[in-house]
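Engineer: Quick check, what structure comes out for this input:
(4 chains)
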2 protein chains.
Amino acid sequence: MNVTGHTRRPASIRDVATAAGVSYQTVSRVINGHPSVRPSTRERVLAAIEELGFRRNATALALASGRSRAVTVLTANTTHYGYASILQGIEEAARAASYAVGIGVLESAEDAAVTAEVQRAADAGGGIVVIAYDPAGVRALGAVPAGLPVVGVVETPASPPGGDRPWVWTDDREAAYQATSHLLSLGHETVHYVAIPSSTRRTSARTSGWRQALQEAGAPEPRPVQSSWGPAGGHAAGLKLARDESVTAILCGNDDLALGVLRALHESGRSVPGEVSVAGFDDAPHSAFLTPSLTTVRLDFTGLGRSAFALLHGVLEESAPVAPHPVSVPELVVRESSGPPPAGH
Amino acid sequence: MNVTGHTRRPASIRDVATAAGVSYQTVSRVINGHPSVRPSTRERVLAAIEELGFRRNATALALASGRSRAVTVLTANTTHYGYASILQGIEEAARAASYAVGIGVLESAEDAAVTAEVQRAADAGGGIVVIAYDPAGVRALGAVPAGLPVVGVVETPASPPGGDRPWVWTDDREAAYQATSHLLSLGHETVHYVAIPSSTRRTSARTSGWRQALQEAGAPEPRPVQSSWGPAGGHAAGLKLARDESVTAILCGNDDLALGVLRALHESGRSVPGEVSVAGFDDAPHSAFLTPSLTTVRLDFTGLGRSAFALLHGVLEESAPVAPHPVSVPELVVRESSGPPPAGH
DNA sequence: GCGCCTTGTGTGACCGGTCACATTCATGCG
DNA sequence: CGCATGAATGTGACCGGTCACACAAGGCGC
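Structural biologist: Alright, predicted model coming up:
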């Protein structure tokens, strides 16, 4: 134990070496578990390490060895429930592997800002995880220079990506399909959709899952209402839909939108689920406690984050236990906000 | 522009030096803006930098200079709205100052786990910000070795801390006071309080603000209901309070708790605000869209995060523009969930 | 014409590790 | 007994920057 009150410079391997009466290289061997060190020597070194409170300097390690045991997560927002959960999952897995986690927020989707942020992440060394559900994220994923270890957390890709693309996703197309089918099975003639901003393609995975369910059921296919990410967007969309008497079921791109829609329906005097059924997406923690509680599809964001890290970890270290396709399965959660359509529909 | 397709090793200052026909030290002078470099030389070096796409290696910089231009944020959770907003604020300010942001999650409040996480943060070099609203955070703040640059984001301290304590806080005592006074001014005989887990002291700042308002009004002081952080805890507490007919006003430690309380009151058949008024804390984004929309106190978490970084920045670089006491002012937001008590009370 | 200060530039050591190679000594085997 | 082999350890260079100092050239005062 170092009992001197001073905040002295931390001990280096050379300090340990002199204390143990060996060369610095032997110390290096001990801390790296190299086999050919005589047990008695190892013991002496370990004692010196303990006594001096030695801790290996991460910066020096990174500089000398090239590997930095760090991940930088690039995201458009830390506040959004889904994003925050993914981040939490990444951090959890990274911590278990003793990796450091960095974070960069893509404040604007503007090209210059995004590439600047990607550069910073690249400079930090280590791997990169990009949360690419929105335009900023997609742009960032595209801006990562080739050759850098990167994993994207993306929407369900249109076509199964070629084998070893370093992407993870939840099956949100399937999720949208399930939610839509659920509403249809209750007897609704069709289901309207309030969409989150699509990442890049005209139709997002969620949109196409919804569409597929409608088509299979032979239901009419209303135009999706483009909205934003937050409850305010859902509110605006909801007011519009509320004016249309024929609307009896609404699927929302996420739970925040659904919240806004519920509010708009309430303000418009349309009861849920009596006159209109509403379903959300994500199963945010508050959704179960709304009045009416929200029917939604639960996605395992934390698990998604863990998978993303696992994939990156495999890329960074050849010990690659890269699970082939870490797709987690969405789960429909039926609550109060969905029910049969009113009689006469 | 480097047009070779290869992902070659990035250029170092020595590469730039040879390309420009100067010594590496001159390159270092140029990138650091040292004055005594002949303009013509500077120009040549800058051209070489541009041509080779040189970017200064952050790791080497950190190792050589000791300063690492990085902050690690320690938090118990990334998902919670308040915490996530603080993080976002820190990141924003850090990015503006070209600092890197790291994150560590304190998964358990257990001593060993917390100190391990603090160690990791310390090893990363740079500064540390600890979000210390909960037991895990408080413990982490305490576990940071003396001499390390650290800033705590804390509850309103019981006594004004001695001058230059590196802490930031929002005035949540004042906020609780405001919310409670608001409810009393509507005519409620008293206000019940559903508390978030206190960080460490018996009574949190929020609790004491609430208590102060009651005392000043000469209102009876019911025992606060201890709860958790999430809506589930609020729900449980709400069910309990709903059974007591005399309860007409409830203040909740945060908006998530309030959500649970609203739900519990609904399930118990007590109308809001007709029979019971409810107020929350934080003004989370969804609170405005609940039915009824939630009366709450808005706290500027993002600004709090920015202040935390500014303070840390001041500690790390002697250029210290350390704003004396970055306390932001809470703002009461009155919405539908609060109103006068029912007649007869 | 000499010394002195200032400006511009280069050299060597260092931060704290790792890596490639050299060296020493004990063993096994023909 | 001589030599190849392998275990245990040490030496020097290197990663990519910074820092302290040395040194050359030019301007100025006297």
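Engineer: Near DNA strand C, which residues of the stretch 1-150 of chain A? Just list them.
Structural biologist: A:9-10, A:12-14, A:24-25, A:28, A:31-32, A:54-57, A:60-61, A:63-65 (Cβ under 7 Å from any atom of the strand). For the C-beta atoms, the positions are set from N, CA and C on the backbone; glycine is no exception.
Engineer: Show me which of these are buried.
Structural biologist: Among these, the ones that count as buried by 16 or more other Cβ atoms under 10 Å in any protein chain shown are A:13, A:54, A:57, A:61, A:63.
Engineer: Not counting sequence-adjacent ones, nearest residue to the second one?
Structural biologist: Put plainly, it is A:F54. Distances taken as Cβ to Cβ, 6 or more residues apart in numbering or on different chains put A:A11 closest to A:F54, at 4.5 Å, once the chain neighbours are dropped.
Engineer: Just the pLDDT at A:V3, thanks.
Structural biologist: Note for A:V3: predicted pLDDT of 42.
Engineer: helix or strand for the nearest residue to A:S36 once chain neighbours are set aside, which one?
Structural biologist: Nearest residue to A:S36 in three dimensions, chain neighbours excluded: A:R29, at 7.5 Å (Cβ to Cβ, 6+ apart). Assigned by DSSP states H and E, A:R29 belongs to helix A:24-31.
Engineer: which residues touch that helix?
Structural biologist: A:13-14, A:16-17, A:20, A:34, A:36-37, A:41-42, A:45-46, A:48-49, A:56 (Cβ atoms under 8 Å, 6 or more residues apart in numbering or on different chains).
Engineer: Check which helices and strands the helix or strand bottoming out on mean pLDDT in chain A sits against.
Structural biologist: Scoring the helices and strands of chain A by mean pLDDT, DSSP states H and E places strand A:167-168 at the bottom, with a mean of 89. Counting contacts by 3 or more Cβ pairs under 8 Å, 6 or more residues apart in numbering or on different chains; DSSP states H and E, strand A:167-168 is packed against strand A:150-154, helix A:301-316.
Engineer: Same question for the helix or strand containing A:L332: list its buried residues.
Structural biologist: In the assignment (DSSP H and E), A:L332 maps to strand A:331-333. Of the residues in strand A:331-333, A:332-333 count as buried by neighbour count, 16+ other Cβ under 10 Å.
Engineer: repeat for stretch A:140-151
Structural biologist: A:140-141, A:143-144, A:149-151.
Engineer: Stretch A:228-248 now?
Structural biologist: A:228-242, A:247-248.
Engineer: Which ones among those lie within helices?
Structural biologist: A:231-242 (DSSP state H).
Engineer: sorry, back to before: could you identify the helix or strand that succeeds the least confident helix or strand of chain A?
Structural biologist: Heading C-terminal from strand A:167-168 (DSSP H and E), you reach helix A:172-185.
Engineer: Now do that next one: which elements does it pack against?
Structural biologist: Using 3+ Cβ pairs under 8 Å, 6+ apart, helix A:172-185 is in contact with helix A:205-217, strand A:249-252, strand A:277-279, strand A:296-298, strand A:331-333.
Engineer: rewinding a little: count of neighbours near the residue nearest to A:F54?
Structural biologist: 18 (other Cβ atoms under 10 Å in any protein chain shown).
Engineer: likewise A:R298?
Structural biologist: 17.
Engineer: who touches the nearest residue to it once chain neighbours are set aside in this structure?
Structural biologist: Excluding the flanking residues, the one nearest A:R298 by Cβ to Cβ, 6+ apart is A:D283, at 3.7 Å. Going by Cβ under 8 Å, 6+ apart, A:D283 touches A:255, A:296-299, A:333.
Engineer: okay, how far is it across stretch A:287-299, tip to tip?
Structural biologist: Start to finish, the residues bounding stretch A:287-299 are 13 Å apart (Cα to Cα, to the nearest Å).
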